[in-house]
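Mind folding the following:
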Amino acid sequence: MIRPAQIADPADPVVTPDWPRPDFRIATLEFLVGLLATACPPADLDAWMAWWDVPPAPEALDAAFAPLAHAFVLDGNGPRFLQDLEELAAGAEDIEQLLIEAPGASTKAKNTDLLVKRGRVARLGRPAAAMALYTFQSWAPAGGAGNRTGLRGGGPLATLVAPLDQPTLWHLVWANVPRGRRPEADDLPRVFPWLAPTITSERDRVVTPEGAAHPLQAYWGMPRRIRLDFAAGEAVCDLTGAADAVAVTGWRQRPRGANYAGWGRRHPLTPHYQSKPGGEWLPVHPQPGGIGYRHWLGLVLKSPDGSRLPAQAVTTWHDERAMAEARLLAAGYDMDNMKARSFVESEMPLPAADPERRERLNALARGLVLSADLAASLLRQAVRAALFSPGAAVKPDSELLASVRERLWERTEATFFDALRRAAMPAADPLDEAEERNWVRLLHDSALALFDEAVPLTPETGAAAPRIARARRGLGFALHGYGRDGRTLFAHLDLPPPEPKEKAA
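Residues are numbered from 1 along each chain as shown. Prediction:
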């Protein structure tokens, strides 16, 4: 157990938070980034580099955090961390309901809590309760009439840069802290909304970064009106197993908390997208199937049409701070409205390149991802055409078709990162086309192999054999670079298309 200032303790470096839950670990990283961005943000790159090279002493961080300490009191008679300023007259709910995946009232009433059981957590120690509250308020899912979602919507995707050459918690957190300016004391109620009466959402009132809220509230959003219930007397936390002199046994809430609007692209740790040109910027949320290199355009680089943008922390690292290789840590809840389907967490390499090679590296990554996306779509179409007659009602995202598409991404992922790593090396030839041509061969061979697995052509196939053969031939034709799709595939890789075949006389 440490206080936040000890993440930079040189005598005993901290490597990572050790919560028993992955969502608490990611939320702790977001919490620490937000704390540093609020208390002591670097003014410029030089200031950032100074603390990167020589981390501050714990005493220096203690001094920086001291003016904010009153905002982080969990219980007591004054303002409470992430809790409504009012006492709130409402019935108590089990403390376990603060855990996003816990079964709700409807699930329990129907007795359908088959995989995630009720009654696992009856009491929390104050450390676990504080992190449960922060996780819930930051990622709050839909919760019924009047219960607002988080500032980034329910279950946003968080992306952080994890440097490899400095594997300490300090460097992981500091790598993601943006430039900024410390807020004035008078601004703190606009940064930490629990220091002031709640701006409720009656009469369609909203909380915007240009209005009653400070832009730093992006880290400290409080969409739910909540008060924790404390019980004196030593008890063991059901999550951590640690004893605490005070237990948190329940919580109360009232509807119509803050309704956040206009916060697109404000949170530095979340990528955003536009559903249409000129539309509102929306936070990205995890989806079924996990996170992989197919999401590179939008998580690491902006998409070619500019409709998907990486998180500010990733862009800043890529453009200014990438002195060595790092990994991209992406995580969050895959939510189906109020229901948590899964917690998704993934890491992928972020190769570092000198400025002269960076554009080449970025162009290669774009080409590989776009061509793989097209090949995966062509494979899915070919399998559909082989298995079903024309006009059959089959959804493109059906389990079979989605699975074969995902498997192509899986088979090519290792080669994708190998290609980027080689391209980032100082000795690599920037004009070498070998990577692109090897990639085309890999897409061709992998797609046809997956087609044959999904649609085997055997002596027992019967009347469907001609249809299967046509679909396979068309897939191979496109992956060799012929036809409109083939030309597009090669164009993504900046390769000349093959010469058209001469027609037979």
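
which of the residues in stretch 270-290 are buried?
Under the neighbour-count criterion of 16 or more other Cβ atoms under 10 Å, stretch 270-290 has 270-274, 283-286, 290 buried. (Each C-beta comes from the backbone N, C-alpha and C, glycine too.)

same thing with stretch 366-385?
Result for stretch 366-385 [16+ other Cβ under 10 Å]: buried residues 366-376, 378-385.

I'd like the buried residues of stretch 270-290 as CSV, with pLDDT appended.
Output for the buried residues of stretch 270-290, formatted as CSV (pLDDT from 0 to 100):
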residue, pLDDT
Thr270, 98
Pro271, 98
His272, 98
Tyr273, 97
Gln274, 96
Pro283, 97
Val284, 96
His285, 95
Pro286, 92
Gly290, 82
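
Out of those residues, which comes closest to Arg21?
In terms of Cβ to Cβ, no member of the buried residues of stretch 270-290 lies closer to Arg21 than Pro286, at 16.2 Å.

so what's that closest one up against?
By Cβ atoms under 8 Å, 6 or more residues apart in numbering, the residues touching Pro286 are 155, 157, 331-335, 344.

And those residues, which two are furthest apart?
Ala331 and Met335 (13.3 Å).

Helices of the stretch 151-300 of the chain, start to end?
Counting by DSSP state H, counting those that start in this stretch, one finds helices in the stretch 151-300 of the chain at the ranges 169-174, 188-191, 296-299.

Have a look at this structure and report its longest helix.
Scanning the chain for the helix with the most residues, using DSSP state H, yields helix 355-387.

Tell me what angle the helix or strand just after that one forms with helix 355-387.
Going down the chain from helix 355-387, the next helix or strand is helix 399-424, by DSSP states H and E. Going by axes from the mean of the first three to the mean of the last three Cα atoms, to 10 degrees, helix 399-424 is angled at 160 degrees with respect to helix 355-387.

Please name every helix or strand in contact with helix 399-424.
Judged by 3 or more Cβ pairs under 8 Å, 6 or more residues apart in numbering; DSSP states H and E, helix 399-424 is in contact with strand 339-350, helix 355-387, helix 434-454.

Buried residues, the first one. List them.
Buried positions in strand 339-350, judged by neighbour count with 16+ other Cβ under 10 Å: 339-340, 343-346, 348-350.

Likewise for the last one?
The neighbour-count criterion (16+ other Cβ under 10 Å) identifies 435-436, 439-440, 442-444, 446-448, 450-451, 454 as the buried residues of helix 434-454.

Compute the number of surrounding residues for the closest residue to Glu435 other than its chain neighbours.
If you skip the residues right next to it in sequence, Glu435 has Ala419 as its closest partner in space, 4.8 Å away by Cβ to Cβ, 6 or more residues apart in numbering. The number of residues packed near Ala419 is 23, by other Cβ atoms under 10 Å.

now the strands: where do they sit in this protein?
Here the chain has its strands, by DSSP state E, at 93-94, 124-125, 158-163, 225-236, 243-254, 272-274, 281-283, 308-309, 326-336, 339-350.

want to throw these into TSV with distance to Ile468?
Shown next, in TSV, are the strands of the chain (distance: least, Cβ to Cβ, whole Å):
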stretch	distance to Ile468
strand 93-94	55
strand 124-125	57
strand 158-163	41
strand 225-236	58
strand 243-254	57
strand 272-274	37
strand 281-283	41
strand 308-309	36
strand 326-336	34
strand 339-350	34
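
Now do the spatially most central residue of the chain, the pLDDT please.
In the chain, the residue lying closest to the centroid (Cα atoms, centre = their mean) is Leu157, at 2.7 Å. Note for Leu157: predicted pLDDT of 97.

One more: Asp397?
For Asp397, the model assigns a pLDDT of 67.

Got phi/psi on Arg80?
phi -120, psi 140 (degrees, to the nearest 10).

isn't it right next to Ala71, touching?
No. With contact defined as Cβ atoms under 8 Å, Arg80 does not count as touching Ala71 (9.6 Å).

Quickly list what's touching both of the two.
Taking Cβ under 8 Å, 6+ apart as the criterion, Arg80 and Ala71 both touch Trp194.

Distance to Arg360 and pLDDT for the buried residues of helix 434-454 - can I get that in a markdown table?
Converted to a markdown table, the buried residues of helix 434-454 look like this (distance: Cβ to Cβ, whole Å; pLDDT from 0 to 100):
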| residue | distance to Arg360 | pLDDT |
| --- | --- | --- |
| Glu435 | 10 | 85 |
| Glu436 | 12 | 90 |
| Trp439 | 15 | 96 |
| Val440 | 18 | 96 |
| Leu442 | 20 | 97 |
| Leu443 | 21 | 98 |
| His444 | 24 | 97 |
| Ser446 | 25 | 98 |
| Ala447 | 26 | 98 |
| Leu448 | 30 | 97 |
| Leu450 | 30 | 97 |
| Phe451 | 33 | 97 |
| Ala454 | 36 | 93 |
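
circling back to that earlier point, kindly present the helices of the stretch 151-300 of the chain as TSV, with separate columns for mean pLDDT, distance to Ile100 and mean neighbour count.
Putting those into TSV (pLDDT from 0 to 100; distance: least, Cβ to Cβ, whole Å; neighbours: other Cβ atoms under 10 Å) gives the following:
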stretch	mean pLDDT	distance to Ile100	mean neighbour count
helix 169-174	96	23	23
helix 188-191	98	24	20
helix 296-299	96	22	21
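
would you list those helices in CSV and tack on distance to Ala402?
Shown next, in CSV, are the helices of the stretch 151-300 of the chain (distance: least, Cβ to Cβ, whole Å):
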stretch, distance to Ala402
helix 169-174, 34
helix 188-191, 43
helix 296-299, 19
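
For the nearest residue to Leu370 once chain neighbours are set aside, give its distance to Arg360.
Of all residues not flanking Leu370 in the chain, His492 sits nearest, at 4.2 Å (Cβ to Cβ, 6+ apart). Going from His492 to Arg360 by Cβ to Cβ, to the nearest Å gives 15 Å.
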